[in-house]
Structures are given as structure tokens and as C-alpha cells.
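>>> Predicted model, plus sequence, below.
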Amino acid sequence: MAPERTEPELVPGTDADRALVANLLQLYLHDHSQYAQVEPDASGRFEFPWLDDYFGRPGRECWVIRADGRPVGFALTRDGVPGDEDAWHLAEFFVLRAHRRRGLGRRAARLVLQRHPGWWTLSYLANNTPAAGLWPALAAELSGGRVRRVEQAQTQPAAPAPRYRLRFEVPAP
Ligand SMILES: CC(C)(COP(=O)(O)OP(=O)(O)OC[C@H]1O[C@@H](n2cnc3c(N)ncnc32)[C@H](O)[C@@H]1OP(=O)(O)O)[C@@H](O)C(=O)NCCC(=O)NCCS
């Protein structure tokens, strides 16, 4: 039987959602540790010192993805990335495992990107197979195939795979 199609809802994250997003972020960073050299600290927590910026700092947004009234993921977006000051940037994006592979990530990401019609950038590691399937296809779909892909310089420690940045324009919905 085909899995049920659930429409995701995008809700702006408020202070009341900060603990929720912090918890989901740990799951996200654990997933991320499959693809990059990321280790938790001595207490078993993955560090992410930028979360507070997404609650209240201008040019930073947190979105909670909900489905059937329950939280199923989140997105963090920002503007003002050096070199791409005219664009919004999809910095982090996560869907809980139990809700994956049903098109929910694609539909939720589309909702996020359509919040700011215009230029967007996002990055992904080539060894992150789901991301490498999702992002180029969605960017092409939204921009009518006009997607610029640039390989980014390796960071320290070097990622085990190339990191690509996409830049594309999202029309108003
Ligand atoms: C990436 C992620 C958001 C995808 O969410 P999802 O709800 O499963 O995605 P969808 O079901 O909408 O799938 C969209 C496309 O992504 C790709 N994809 C998703 N999961 C995949 C997998 N396990 N293997 C290969 N491709 C996959 C496919 O191209 C898929 O399109 P298709 O269904 O037509 O084949 C989810 O896997 C996730 O949260 N991963 C951990 C966090 C992460 O890596 N975020 C991205 C950081 S750049």
C-alpha cells in the first residue's frame, strides 16, 4: 500500500519552540555525522552554537515543520551570507526518519523557499545521498532549470566528499 500523503505545515519557530528545535537539532547533527567528521562532546551532545541566533536575530528564521499536528522537522534560514548578500540561504533542514521518503521533505522545503521569492543558496555534501537527490532536483524544478552549482573549498577538517553550493531563483507561489 502506498504511504499516506500528509501535507506539511510550516510554522514560524517562537521562543516556545526553542527546546523542541534544540532536541531535533541533535537528531539532525547525528544524521549529519554520517557524512562529515562531526563528533559529540564528552557529554554526548553535538555542538551547534548558532541556534539562539535563529530566535530573534534579524535576518535569521526558524521554521518548525508539522504534519498531522505534530512536529516532524525544522528548517533554519538566513540572509546576508558573505558573497551572496542578495540571497536567502537554507542553512539547515531536517525531517524525522519516520516521516521520510514520502515527499514530505520536498513539499516542506518548497514551502520554506517560497517564503522569500527571489534568490536562494544552499549547500550539501555529495555523499549525503538524500540531500544530493533532493536539492538539485527541487532547485531545478523551482527555477526552471536555471541552477548554478559551485564546488566549495574544503573546510578543516576536510569533509570526506565534495560540498556543493546551489544558487537559484524561486518565483512567487
Ligand atoms: C534530506 C531529507 C530532508 C529528505 O527528506 P524526505 O522527506 O525523505 O524527502 P522526500 O521524500 O521529499 O524525497 C525527495 C527526494 O530526495 C531524495 N531522497 C530522499 N531520501 C533518499 C534516500 N534515502 N536515498 C536516495 N534519495 C533520497 C530523492 O531524490 C527524493 O525524490 P524521489 O522520492 O522522487 O526519489 C531527510 O532525509 C533528512 O532530514 N535527512 C537528514 C538531514 C539532512 O541531511 N538534511 C539536509 C542537509 S543538506
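Good, I have the coordinates. Being a predicted model, the structure only gives us computed values, none of them experimental.
>>> and Asp31, how many residues sit next to it?
As a burial measure, Asp31 scores 15 neighbours (other C-beta atoms under 10 Å). C-beta: built from backbone N, CA, C; applies to glycine.
>>> ok, now Thr155?
With other C-beta under 10 Å as criterion, Thr155 counts 10.
>>> which residue sits closest to it, ignoring its sequence neighbours?
Leaving aside its sequence neighbours, Thr155 sits nearest to Arg163 (C-beta to C-beta, 6 or more residues apart in numbering; 7.9 Å).
>>> what about that neighbour, how many residues close to it?
Arg163, neighbours per other C-beta under 10 Å, totals 20.
>>> which residues does Val147 contact?
Counting by C-beta atoms under 8 Å, 6 or more residues apart in numbering, Val147 makes contact with Pro136, Ala139, Ala140, Leu166, Arg167, Phe168.
>>> before we move on, which element is Thr121 in?
For Thr121, the element it lies in under DSSP states H and E is strand 118-125.
>>> what does that strand rub up against?
Here strand 118-125 has contacts from 35-36, 81, 84, 86-91, 93, 113, 131-132, 135, 139, 152, 159, 161-170, using C-beta under 8 Å, 6+ apart.
>>> Looking at those residues, which are in helices?
Leu113, Ala131, Ala132, Trp135, Ala139 (DSSP state H).
>>> tell me the SS of Glu7?
coil (DSSP: H, G, I helix; E, B strand; the rest coil).
>>> helix/strand/coil for the closest residue in space to it that isn't next to it in sequence?
Spatial nearest neighbour of Glu7, excluding adjacent residues (C-beta to C-beta, 6+ apart): Arg107 at 6.9 Å. When classified by three-state DSSP, Arg107 comes out as helix.
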